[in-house]
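Chemist: Turn this into a structure:
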Amino acid sequence: MNDLRQDTEEQNIAPEEEVYSRYICTANHGFAPYAQEELRRLFGAVKSTLLLPGEIFLATLQSEPEEVTRLLTQNLPIFLRHIQPVQFQDEGTMEALQRLAVYLSRHTELVGEKVSLNVRKGDPSFWQDSPGELREWLQEQLQNLGAEFTVQDPAWVISVYADGNALYAGVSRPEANLSSWNGGAIRFRKEDGQISRAKFKLMEAEKEFDIPFYSFRNALDIGASPGGWTSFLLERGMKVTAVDPALMHESLRNYPGLKILRKNAGEVKFRDNEFDLLVCDMSWSPKLMAKLVTGLLHSLSPGGTAIVTVKLMHKKPLAMIKEIIAMFEGERMQIQRAKQLFHNRDEITLYMIKY
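Modeler: Numbering: from 1, shown residues only. As a prediction, the model looks like this:
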């Protein structure tokens with residue numbers, strides 16, 4: 001009888017409420033499926049809805065927000081560039097925007113804090129004007145909040161996504177978004193006389209990975225032509241040896257501190273520990289690039305840094321990346337980060353230090 005009563009009581013216990021959190025997730029165009037796979041490997045089943053094919057999706061994770069931040073911080077993703085929490089969702093109307101303004105005005109933790117208001121819109125979007133105009137409208141509605149709206153180094157981020165028929169928003173710390181930049185998109189202005197946009201990759205890596213480029217003295221640039229990365233290194237005060245059989249840009253040919261070797265990377269010889277920085281942005285197959293670069297790592301001093309791009313020419317990039325990383329780790333290289341930067345296209349950037 002006691003056993004029967006115990007069984008009945010157990011049956012009457014309400015199941016625990018399912019815990020979940022929702023995010024708008026962003027990857028470089030065409031790489032959303034790999035960002036989804038990264039989330040599946042960390043959190044198990046992921047329910048997702050595409051908002052912008054191949055790039056932006058709404059994901060539901062069976063974890064609390066604090067656990068999501070913890071796991072993503074400890075296992076920094078390669079392809080998932082940016083996430084924003086969805087704590088507010090409404091229909092896509094002006095009335096919903098008014099409700100959003102009221103909702104945000106109740107966030108007293110923002111009072112007196114530096115806040116970045118990041119606004120994006122879908123394609124199509126119920127908001128017909130530019131994202132910048134929506135941001136200005138929201139800031140005006142939130143004047144009484146007492147926050148300091150800024151772009152640089154915010155303490156909090158308000159993220160808003162205005163889709164075709166829905167409005168999403170959330171408030172979070174920048175580290176919980178993987179990037180404080182709107183959608184993880186960091187943009188640079190093209191300079192007069194800039195040799196190529198490839199330079200933006202190193203400029204972004206400098207910020208994203210916190211690389212102290214000004215501390216390096218002697219750099220090796222493999223596959224340097226036409227000289228986008230070389231020009232960046234020279235501007236940071238380094239002596240540079242540029243290796244490429246093709247011609248360098250004419251503006252660099254007599255540049256002080258630059259040595260140009262018009263040879264293939266497999267033909268050059270260097271002394272041990274000659275350089276404290278090695279970079280490579282060749283448009284070659286990943287394995288061939290890794291073979292060439294590892295063959296020159298003897299010239300990189302212990303504690304030296306290597307930055308290389310890995311071209312993704314195969315249908316299974318996660319497996320390829322794992323293989324390339326193993327090749328470098330076998331040559332005493334410690335991987336600091338592997339990430340598809342905003343300015344990468346069909347490639348990722350590896351940041352490594354020799355030990």
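Chemist: so residue 191 is in which element?
Modeler: Assigned by DSSP states H and E, residue 191 belongs to no helix or strand.
Chemist: how much space between it and residue 355?
Modeler: According to Cβ to Cβ, to the nearest Å, residue 191 stands 36 Å off from residue 355. Every C-beta, even on glycine, is put in place using the N, C-alpha and C of the backbone.
Chemist: Quick check: residue 303 is in a strand.
Modeler: Yes. Assessed by DSSP: H, G, I helix; E, B strand; the rest coil, residue 303 belongs to a strand.
Chemist: you'd agree it is up against residue 354?
Modeler: Yes. In this structure, residue 303 is within contact of residue 354 by Cβ atoms under 8 Å, at 6.6 Å.
Chemist: Poorly predicted segments of the stretch 1-150 of the chain, please.
Modeler: By pLDDT under 70, the low-scoring segments of the stretch 1-150 of the chain are 1-19.
Chemist: Which parts of it are helices?
Modeler: Per DSSP state H, counting those that start in this stretch, the stretch 1-150 of the chain carries helices over the ranges 2-12, 32-43, 65-74, 94-105, 131-141.
Chemist: Tell me what angle the second one forms with helix 65-74.
Modeler: Meaning helix 32-43. Per axes from the mean of the first three to the mean of the last three Cα atoms, to 10 degrees, the angle that helix 32-43 makes with helix 65-74 is 110 degrees.
Chemist: related to what we said a few turns ago, between residue 303 and residue 354, point out the one with more neighbours.
Modeler: residue 354 (20 against 10; other Cβ atoms under 10 Å).
Chemist: Against residue 301, how distant is the more buried one?
Modeler: 7 Å.
Chemist: Over to residue 94?
Modeler: Counting by Cβ to Cβ, the gap from residue 94 to residue 301 is 61 Å.
Chemist: who's more crowded, those two?
Modeler: residue 301 (16 against 10).
Chemist: Tell me which residues touch the more buried one, please.
Modeler: 273, 274, 275, 276, 354 (Cβ atoms under 8 Å, 6 or more residues apart in numbering).
Chemist: Look at it and report its pLDDT.
Modeler: Here, the pLDDT recorded for residue 301 equals 98.
Chemist: what's the neighbour count on the nearest residue to residue 156 once chain neighbours are set aside?
Modeler: Of all residues not flanking residue 156 in the chain, residue 115 sits nearest, at 4.8 Å (Cβ to Cβ, 6 or more residues apart in numbering). Other residues within reach of residue 115, judged by other Cβ under 10 Å, total 24.
Chemist: Residue 334 now?
Modeler: When neighbours are counted by other Cβ under 10 Å, residue 334 comes out with 11.
Chemist: How about the secondary structure of it?
Modeler: strand.
Chemist: List the beta-bridge partners for it.
Modeler: Note on residue 334: beta-bridge partners by DSSP bridges are residue 353.
Chemist: That's all I had, so thanks and see you.
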